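[1] need a structure here:
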Amino acid sequence: MSPASISRRTLLSGLAATSAVAATGAAALPATAAGRECRAGKTGPISVVYVEVNDHSMLSAGQYTLTQGGAQVFDIAVIFAANINYDGTKAYLHFNENVQRVLDNAATEIRPLQQKGIKVVLSILGNHQGAGFANFPSKAAAEAFAQELADAVTRYGLDGIDFDDEYAGYGANGTGQPNASSFFYLVSALRRKLPTKLITLYDIGPSAARLSYNGQSIANTFNYAWNPYYGTWSIPRGPSAKSRLSPAAVSYSATSSSLAASLAQRTVNEGYGVFLTYNLSAANTASYISAFTSKLYGSTTVYKP
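    Numbering: from 1, shown residues only. Predicted coordinates for the structure are as follows:
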């Protein structure tokens, strides 16, 4: 994970994206199925939160409930982030020491969230070494990396994988440039290996622009997709159903609460089913979160450390 990953996420200008159609793969989880306990007494869009585990604890994702009804605010918590690295011959899955710590301590870092009904997924990010989701040299290489991802989900009891095609450094260390088939093969293989888990798309980079290959699409293979530019509204590529998309994206450190509230209201008004937030810290952020939960769920938020 690069320090650049933090600065990129404060961008306040978006890139317009069109919603992909046509599909192969598993159907998305319905909005009310992100977590039985988590969704109890709560209707409205799914709330997603990324946590930078280099700096913050995953447990923060479970410390917020709605004042009315007591449901957890967040339905999906994303561990940010593991890496796709390159060893001079092939791509491989890499965990920095902070990600490894979270995974090794799943009993205290991940299970408490899952017990509250929050799904925990692992984000995968490039690492400037030339390896990315879009430049596997063969179908077999893409499937081998998919197996590494599936093994990690199984080993650590995770709920899925999030793809974030940034900082790959395509072409570095003699690696190839993005090709048409790699991401299709990778996601298709991962879905076969994880038929009931979440696979989500952070709509950025060469991979997100290559969801179709040889007349087939993986757009609806993703359970959810979201806009990657915080403080903006942009319909992401990915699933065709509005219930599986987050055109809104907010950062706790870079988006005003008034703008977050406005984006939440637009999410409801236009019938989208997901609301993306980024960089939750250990600080009491209930006032900020209340600004958007009031629009999404008609309730303010309570902080429970």
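
[2] Next, the distance between the ends of stretch 288-305.
    16 Å (Cα to Cα, to the nearest Å).

[3] which of the residues in that stretch are buried?
    288-297, 299, 301-303 (16 or more other Cβ atoms under 10 Å). In this view, the C-beta of every residue, glycine as well, is placed from N, C-alpha and C.

[4] next one: stretch 150-170
    Here stretch 150-170 shows 150, 152-153, 156, 158-170 as buried, counting by 16+ other Cβ under 10 Å.

[5] sorry, back to before: kindly present the buried residues of stretch 288-305 as TSV, with separate columns for pLDDT, distance to residue 66 and secondary structure.
    Below are the buried residues of stretch 288-305 laid out as TSV (pLDDT from 0 to 100; distance: Cβ to Cβ, whole Å; DSSP: H, G, I helix; E, B strand; the rest coil):
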residue	pLDDT	distance to residue 66	secondary structure
288	98	15	helix
289	98	10	helix
290	98	9	helix
291	98	13	helix
292	98	12	helix
293	98	6	helix
294	98	10	helix
295	98	12	helix
296	98	10	helix
297	98	6	helix
299	97	4	coil
301	98	6	strand
302	98	7	strand
303	98	12	strand
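
[6] Greatest separation within those residues: which pair is it?
    295 and 303 (18.5 Å; Cβ to Cβ).

[7] Identify the residue spatially nearest to the residue of the chain most remote from its centre, adjacent ones excluded.
    Computed with Cα atoms, centre = their mean, the maximum C-alpha offset from the centroid of the chain is found at residue 174, amounting to 29.1 Å. Nearest residue to residue 174, sequence neighbours excluded (Cβ to Cβ, 6 or more residues apart in numbering): residue 130, at 7.1 Å.

[8] can you check residue 124 too?
    That would be residue 82: by Cβ to Cβ, 6+ apart, it lies 5.3 Å from residue 124.

[9] How much space separates that neighbour from residue 105?
    15 Å (Cβ to Cβ, to the nearest Å).

[10] who has more neighbours, the two?
    Per other Cβ atoms under 10 Å, whichever of residue 82 and residue 105 has more neighbours is residue 82, with 26 against 13.

[11] Adjacent strands (with direction) for the strand or helix carrying the more buried one?
    Following DSSP states H and E, one finds residue 82 within strand 76-86. Its sheet considered, strand 76-86 pairs with strand 46-52 (parallel), strand 91-94 (antiparallel), strand 119-126 (parallel) by DSSP bridges.

[12] Quick one: neighbours of residue 195, just the number.
    Applying other Cβ under 10 Å, I find that residue 195 has 9 neighbouring residues.

[13] That should have said residue 194, apologies.
    Neighbours around residue 194, by other Cβ under 10 Å: 20.

[14] now residue 115
    Neighbours around residue 115, by other Cβ under 10 Å: 11.

[15] can you check residue 72 too?
    Neighbourhood size, residue 72 [other Cβ under 10 Å]: 25.

[16] For it, give me phi and psi.
    Dihedral pair for residue 72: phi -60, psi 140, per degrees, to the nearest 10.

[17] Against residue 249, how distant is it?
    For residue 72 relative to residue 249 (Cβ to Cβ), the value is 20 Å.

[18] In this structure, where is pLDDT below threshold?
    1-40 (pLDDT under 70).

[19] Which helix in the protein has the most residues?
    helix 139-156 (DSSP state H).

[20] Need the residues that contact the following helix or strand past it.
    Downstream of helix 139-156, the next assigned helix or strand under DSSP H and E is strand 160-164. Here strand 160-164 makes contact (Cβ atoms under 8 Å, 6 or more residues apart in numbering) with 78, 81, 119, 121-126, 133, 149, 153, 183, 187, 190, 194, 197-202, 204-205, 207, 223, 228.

[21] If we use 7 Å, what do you get?
    Residues from elsewhere that reach strand 160-164 (Cβ atoms under 7 Å, 6 or more residues apart in numbering): 78, 81, 119, 121-125, 133, 149, 153, 190, 194, 197-202, 204, 207.

[22] Give me the residues contacting the next helix or strand after that strand.
    For strand 160-164, the following helix or strand on the C-terminal side (DSSP H and E) is helix 182-193. Residues outside helix 182-193 that contact it (Cβ under 7 Å, 6+ apart) are 25-26, 133-136, 139, 142-143, 145-147, 149-150, 161, 199, 207, 210, 213, 218, 221.

[23] So for helix 182-193, what gets flagged as buried?
    Neighbour-count burial for helix 182-193 [16+ other Cβ under 10 Å]: 182, 183, 184, 185, 186, 187, 188, 189, 190, 191, 193.
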